[in-house]
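Predicted model and sequence below, questions to follow.
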Amino acid sequence: MSQKLNVTNVFFVAFLIDCIFAMLQVSSVGRLHPPFALTMPLGFVICGCCLLYYIKSGCYSRGYILSATFVLILMLVGMIRGIFSVEGYWGYKGWVSCVHCALSFVLLFPFVSPSIASKSLQLWNRYIFPVFLLFGLWSLPTGSYPFHIPFIYYVYLLLIPIALSNHKACLIIIIGTIFTLIAVENRSALLKTAVAFALSVTLYLPRAIAKISYVFIHFLFYIIPLILLVLGLTGTFNIFQDLSSDEPTEITWSTTDLSEQEGTPKLAADTRTFLYVDVILSAIEGDYVLFGHSIGRGNTHSGVWNQDLEGMDSSERLMNEAHMLNIFTWLGILGIILYTIMYLQSSCLGLFSSKNRYVPLIACAVAFHWAMTWLEECPSLKPLDYALFLLLGMCFSPKFRRMTDAEFKLWFRSCFANPNELTAYDVLKRLMLQILLTKAKRMK
């Protein structure tokens, strides 16, 4: 038991440091950017803690998380394949970056526990958010979107009917919305904010109507991307080109400051079609459609996106903005199928096996984020990924799904308590445990 607690504590410390590093990374002050030598081992510490929790809590033996286990096995095989397929300093540095991105889903394992999820939010509310207000606001580049806010912003916006009862949650929602509107060129931020707000409004509907709406919305998010993908591959309809009045925008990414990058895309520009073309043609030419190119290897590209990194092969792009394209490149069609099953199992459990009305809402958000993986959602152990996999973990978790509406509200309120104090949710857990022990003694 003590080992489990130690692993959890290490995870919390690494979580705090990683969130601070994420804030520094987007700072306009270049000297504050944390070096790769610090962020690389920190990422492995976080992944290691999640995997240790997975092993010590026996998640691998539980059917409700079976799909995530299969994804983990496939990821580990892809990592091993990648070790033998890359070479040189830049090759292994790219492998490390890809591993961080690929393994980010293991964050869902600790978040299956309501107490770990609650204490993570407590730490964020108590330490990280005030630090951002004191430091992050003035250090952000002009027009930059603070990706370290959404960890709590999207979660609270999604649960806005109960978040409105807490002044700190309201403040976070207001600040997050203001930054979203300021960084209007960030299309995905606007879309995610709109969808989260629209979903939260359904909590005001009568329970029976809301339940029917959730089922419809949930499967709609899974069906529409597949239909659009088939239409795009067959050349019948390309939604990216149809929504854009311009030709695909040419963008050159470099290691220079964000403000010095050229070719910033317009709000309606098509920045995805050529990515799909490059990734699919590369897989066909390289003959790795079924099992992928291994983690650490990328797809060849036409030169529209140029990785201007000294010593790297400029003809191979290690990662793309659309995460499903990364899964396809690394693990092939098999990886896409297993990754989709993981999302589908999580959202279906949350939708159909919950006693409260909040987890089914979160299940719809999980389905939406799966749809977004075809556009972006490229995880890299950043605060936004904590939010995403917190949602998946909550849907997987039997404890979250067994909560009543009142118990879920108590859990939410515990996210704003002092981490060292006993919350109402903790008291409730102890009471329930005492009741179960009393019943067990009577049965004997």
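Everything's here; your move.

In terms of helices and strands, where is residue 12?
helix 2-25 (DSSP states H and E).

pLDDT averaged over that helix - what is it?
Averaged over helix 2-25, pLDDT sits at 79.

can you give me the strands in the stretch 151-300 of the chain?
Ranges of strands in the stretch 151-300 of the chain, per DSSP state E, counting those that start in this stretch, are 299-300.

if we can go back for a sec, buried ones in the helix holding residue 12?
By neighbour count on 16 or more other CB atoms under 10 Å, the buried set for helix 2-25 is 7-8, 11-12, 14-24. Every residue, glycine included, has its C-beta placed from N, CA and C.

Show me the contact partners of that helix.
Residues outside helix 2-25 that contact it (CB atoms under 8 Å, 6 or more residues apart in numbering): 32-34, 38-39, 42-43, 45-46, 49-50, 52-53, 56-57, 110, 116, 119-120, 123-124, 127-128, 131-132, 135-136, 146-148, 151, 381-383, 386.

Sort out which of the residues you listed are in helices and list them.
The members of these that map onto helices under DSSP state H are 38-39, 42-43, 45-46, 49-50, 52-53, 56, 110, 116, 119-120, 123, 131, 151, 383, 386.

Pull the distance from stretch 88-108 to the chain's centre.
15 Å (CA atoms, centre = their mean, to the nearest Å).

that older thread, show me just the buried residues among the contacts of helix 2-25.
Here, 16+ other CB under 10 Å leaves 34, 39, 42-43, 45-46, 49-50, 52-53, 57, 110, 116, 119-120, 123-124, 128, 132, 136, 146-148, 151, 381-383, 386 buried among the contacts of helix 2-25.

ok, now how distant is residue 296 from residue 87?
According to CB to CB, to the nearest Å, residue 296 and residue 87 sit 10 Å apart.

what about residue 102, which helix or strand?
helix 88-102.

mind checking the longest helix of this protein?
helix 323-352.

helices or strands next to it in the packing?
Packing contacts for helix 323-352, counted by 3 or more CB pairs under 8 Å, 6 or more residues apart in numbering; DSSP states H and E, involve helix 66-85, helix 88-102, helix 207-233, helix 273-286, helix 358-372, helix 383-396.

among those helices, which is nearest residue 332?
Nearest to residue 332 among the helices and strands packed on helix 323-352 is helix 273-286 (7.5 Å), distances taken as CB to CB.

and the closest one, how far out from the chain's middle?
Averaged C-alpha coordinates place helix 273-286 at 25 Å from its chain's average position (CA atoms, centre = their mean).

Report the buried residues of that helix.
273, 274, 275, 276, 278, 279, 280, 282, 283.

do stretch 356-369 as well
356-369.

Residues touching that stretch, excluding its own?
158-159, 162, 195-196, 199-200, 202-203, 207, 210-211, 214, 217-219, 221-222, 343, 346-351, 354, 377, 388, 391-392, 394-395, 400-401, 403-405, 407-408.

Swap in 7 Å and give it another go.
Taking contacts as CB atoms under 7 Å, 6 or more residues apart in numbering, the residues outside stretch 356-369 that touch it are 158-159, 195-196, 199, 202-203, 207, 210-211, 214, 217-218, 221-222, 343, 346-347, 350-351, 354, 377, 388, 391-392, 394-395, 400-401, 403-405, 408.

That stretch: how far from the chain's middle?
The answer for stretch 356-369 is 14 Å, by CA atoms, centre = their mean.

Can you show me the CA trace of it as CSV?
Provided in CSV are the C-alpha atoms of stretch 356-369 (Å, rounded to 0.1, in the frame of the first residue of the first chain):
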residue,chain,number,x,y,z
ASN,A,356,-25.6,9.8,-12.6
ARG,A,357,-26.2,12.2,-15.5
TYR,A,358,-22.7,13.7,-15.6
VAL,A,359,-20.6,10.8,-16.8
PRO,A,360,-22.9,10.2,-19.9
LEU,A,361,-22.3,13.9,-20.7
ILE,A,362,-18.5,13.3,-20.4
ALA,A,363,-18.9,10.2,-22.6
CYS,A,364,-20.2,12.5,-25.4
ALA,A,365,-17.2,14.7,-24.9
VAL,A,366,-14.9,11.6,-25.2
ALA,A,367,-16.6,10.8,-28.5
PHE,A,368,-16.1,14.3,-29.7
HIS,A,369,-12.4,14.2,-28.9
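
Now do that stretch, average pLDDT.
pLDDT averaged over stretch 356-369 gives 95.

do the same with stretch 200-210
Across stretch 200-210, the per-residue pLDDT values average to 92.

From here on, call the first residue 173.
Okay, using 173 as the starting number, the last item reads as stretch 372-382.

Now do residue 304 against residue 196, distance only.
The value you get for residue 304 to residue 196, if CB to CB is used, is 11 Å.

likewise residue 257?
33 Å.

pLDDT wise, what is residue 315 at?
Reported pLDDT for residue 315: 53.

Repeat that for the one 3 residues further on.
With respect to pLDDT, residue 318 has a value of 57.

Same check on residue 354?
74.

Tell me how many other residues crowd it.
When neighbours are counted by other CB atoms under 10 Å, residue 354 registers 15.

What separation do you get for it and residue 347?
Residue 354 is 11 Å from residue 347, by CB to CB.
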